[in-house]
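Peer 1: okay, here's the prediction I keep looking at, along with the sequence it came from:
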Amino acid sequence: MQQVESFNLPANQWSFLSNPQEYVAASTDTERPLILASTRRQFNTARDILARLSGSCGEQQRLGILLADDVGLGKTTVGALVAWVIASAGEKRSVRILAPNDVMARRWRDELKAHVKPLGSLAPELNAQDRRVKDGRVGKLSAGSIQVVKHSYALNSNLKCDLLIIDEAHRAKGETTEFSKALVQNRKLAKRVLILTATPFSIRLEELQRMLKLIGAEAAIRPVEDFSKALDTFYSEHTTRSVEKVAGNRLADKAIAAVEALSSFVIRHGIDDLEDESKAFGVERPWPIDVPQATSEELELILRMDRALRVAKNERSEHGLVTNDPRFHVGWRHLDEMVKSLQAETPSFAELSTKVVDNHFKAIRLLRQKSPVHPKMAAVAREVGRVIEQGDKVLLFCHHHATAQELTSYLASKLPNATALPSLARPVWEKAWDEILNEADEEDDNDALREVFIDWLCTDMIRSQTWAWFGTAQPTSLTTLVRALTSTMPRNPSIVDGARRDTIAKGALHLYRALVLSKSSKAILQLAAKDPGRHPLPGTSRVVGYCKLDQHAEEEGNFFIHNQEPDTIIAIFNSPFGPDVLVVTDRLSEGIDLHHYCRHLIHYELDPSPIRTVQRNGRIRRINSWAAVTGQPIQYAYPAFGGTRDQQLVWIMQKRIACFSLLLGGVRDFDVNLVDKSDEEWRKRVIDIAKAELAKAGGRLRANRGPEEKSRT
């Protein structure tokens, strides 16, 4: 076990963590006003981590901590607070933060800088300043600096520092094993380690064991291993065994033992257990979307494609074909593409195989004429249209890029663009926005970029969108337009209570700042400034897709983000402006905020991992979400094409998600073709019994309550 060096932190220099009310008050005038209930819990967590790392407040000094809060609870905020204190209190220290990608690295830097102003008011001795946040490589990380880099930095760089923060550590398994090896090799160079992951028991056991070794929690490895084996047994258990015996003697007992062993090193809060904060997240409500049952012709279409592929697969020297392809159950485009592709190959097949495949293809062409549009896609488009006409945004997730592209194109063809153009001419709008942005953003002297942004705000769709928010109080002149833009709230003017009450003008200013602060987004604006004929930002359609593109993309219109850096679309979707509908793949399922103006999410196509589904849901169920601000529910939809593999996948996924938080994220991926419904019902009964047992050990992994919280109870 690695020796724990002394790590004294003067407690008086982080005493501000005992006064969340004052911190929330100090954030009122910032672009990120805080919520007291959530800030109280985050401060309590940060204080507990600091106490454990430094051995203060009666805690034993520890090498590291694993923060495993549920998705959406603000682990980045907690990590940023810990980073500022360790970098600043007492002897100034160095902090390195490893984020999985560029997007999340930028999010960390934004989070760290967001605390500069309130820390300056409540903890001036910490001397928090933007310039102390470093990005990219630095020679020697100086004391008092906080460096934010990607996971890959660990592969070829020295990780020597006083505190190493590893964000989304479960992604180590996606980096092959090199990232994990680099961490193990360099762990002695970091005096303290803070690991962040929402899914501690949903990674491979060997990866979790490495995490525990990194934080000096070797004593917990054996109980965790026993629990992991119990989970494996549970998901492969012969379902004729006693429900009570499996739930109590195996699953619950092993889980309780693992929790007990981890309690000194792991902190975890479940979103559904935080009643005091429920208002800040919004209430969940099911969103049923009625998808017609597959007809006999549609089932025959899928079956014939499967049979044709099986024959073709046997004829190929390289077996790269997927037969029962899940994409055939949620859209027709990939099926059509496979028909075209295989038709070019059939002449090289044996005569009998060629005849069989050609017969299937002939029948498929006739069946496709009877079903020109996929029923699931049509049903989802109708429901999306209904929602956006009410003024809401919608987020749709797909598992495959081909499906995402097909869905984006179909939605764009069916959802009407905003039509009611304002009576005020475009030049009046240009003058109004120029006046607003010039007055509100005096520090920005880049007129060319601002002109590009104003040009986008004045496109037909954005002007029509903005005009609708004025309701009956429609402006008639430049003066009244400026007044309306600076006083009217977008999207939902009926908001009565909420932490965020941005006007249309403030929403535009926040978006502009987000774009110019992002290197990739700023580069897009700069290109457009050189070529006025370009439309760099999505705003000509109510739908936009973020996915890999094939040859259809250029033919189908400007519905896609062609720049694969997602900063631009994230910033726009988090503003009141622009496309109402965003179609994405799981590249944006983790670590991304998409909740500022969206409370509707559709799982159009599911990944077989329940973890992905939970991560997706966390994009809009976050602190100070749009649902919380508007007082309206978050709605998740799991539309299913009845009678097909798609329906089976949705049914099993919903069963698995129900037990996610119970087992600290300990749910397994599954093959829909190998799961029986009766088995899932058996598992559900086991989980229900285990819940009651595990409830007795509830709260063991929560942060130790500080004096401020204890006084409330």
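Peer 2: Ah, there it is. Just so it is clear, the model here is predicted, and its values are computed rather than measured. Numbers count the residues shown, from 1 in each chain.
Peer 1: could you point out which residue ranges in the stretch 401-550 of the chain have low pLDDT?
Peer 2: Applying pLDDT under 70 to the stretch 401-550 of the chain flags the ranges 418-419, 439-445, 492-501, 533-535.
Peer 1: all the helices of the stretch 351-500 of the chain, residue numbers only.
Peer 2: Secondary structure of the stretch 351-500 of the chain (DSSP state H, counting those that start in this stretch): helices located at 351-370, 375-388, 401-414, 426-440, 447-457, 460-469, 478-487.
Peer 1: can you check the stretch 601-713 of the chain too?
Peer 2: Ranges of helices in the stretch 601-713 of the chain, per DSSP H, counting those that start in this stretch, are 610-617, 626-630, 645-657, 677-695, 707-712.
Peer 1: output those helices in CSV, with distance to residue 312, mean pLDDT and mean neighbour count appended to each entry.
Peer 2: Using the backbone N, CA and C atoms, a C-beta is placed for each residue, glycine as well. Shown next, in CSV, are the helices of the stretch 601-713 of the chain (distance: least, Cβ to Cβ, whole Å; pLDDT from 0 to 100; neighbours: other Cβ atoms under 10 Å):
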stretch, distance to residue 312, mean pLDDT, mean neighbour count
helix 610-617, 30, 88, 23
helix 626-630, 48, 88, 24
helix 645-657, 20, 88, 20
helix 677-695, 32, 78, 16
helix 707-712, 64, 46, 12
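Peer 1: and residue 161, which of the helices of the stretch 351-500 of the chain is closest to it?
Peer 2: Ranking the helices of the stretch 351-500 of the chain by distance to residue 161, with Cβ to Cβ as the measure, places helix 447-457 first at 36.1 Å.
Peer 1: so how far is that closest one off the chain centroid?
Peer 2: Taking Cα atoms, centre = their mean, to the nearest Å, one finds helix 447-457 lying 29 Å from the centre of the chain it belongs to.
Peer 1: would you mark the buried spots in that helix?
Peer 2: 449-457 (16 or more other Cβ atoms under 10 Å).
Peer 1: turn the residues you listed into a markdown table, including distance to residue 608.
Peer 2: A markdown table is the format used below for these (distance: Cβ to Cβ, whole Å):
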| residue | distance to residue 608 |
| --- | --- |
| 449 | 44 |
| 450 | 46 |
| 451 | 48 |
| 452 | 43 |
| 453 | 41 |
| 454 | 46 |
| 455 | 44 |
| 456 | 39 |
| 457 | 42 |
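Peer 1: and which of those is nearest to residue 588?
Peer 2: Nearest to residue 588 among the buried residues of helix 447-457, with distances taken as Cβ to Cβ, is residue 456, at 21.8 Å.
Peer 1: residue contacts, the closest one?
Peer 2: Applying Cβ atoms under 8 Å, 6 or more residues apart in numbering to residue 456 gives the contacts 462, 535-537, 539.
Peer 1: run the last query once more with 10 Å
Peer 2: Counting by Cβ atoms under 10 Å, 6 or more residues apart in numbering, residue 456 touches 433, 462, 508, 511-512, 515, 525, 528, 535-540, 572, 577-578.
Peer 1: drop anything exposed from the residues you listed.
Peer 2: Restricting those to buried positions leaves 433, 462, 508, 511-512, 515, 525, 528, 536-540, 572, 577-578, with burial counted as 16+ other Cβ under 10 Å.
Peer 1: indicate which one of the helices of the stretch 601-713 of the chain is closest to residue 110.
Peer 2: Shortest distance between residue 110 and the helices of the stretch 601-713 of the chain, using Cβ to Cβ, is found for helix 626-630: 19.1 Å.
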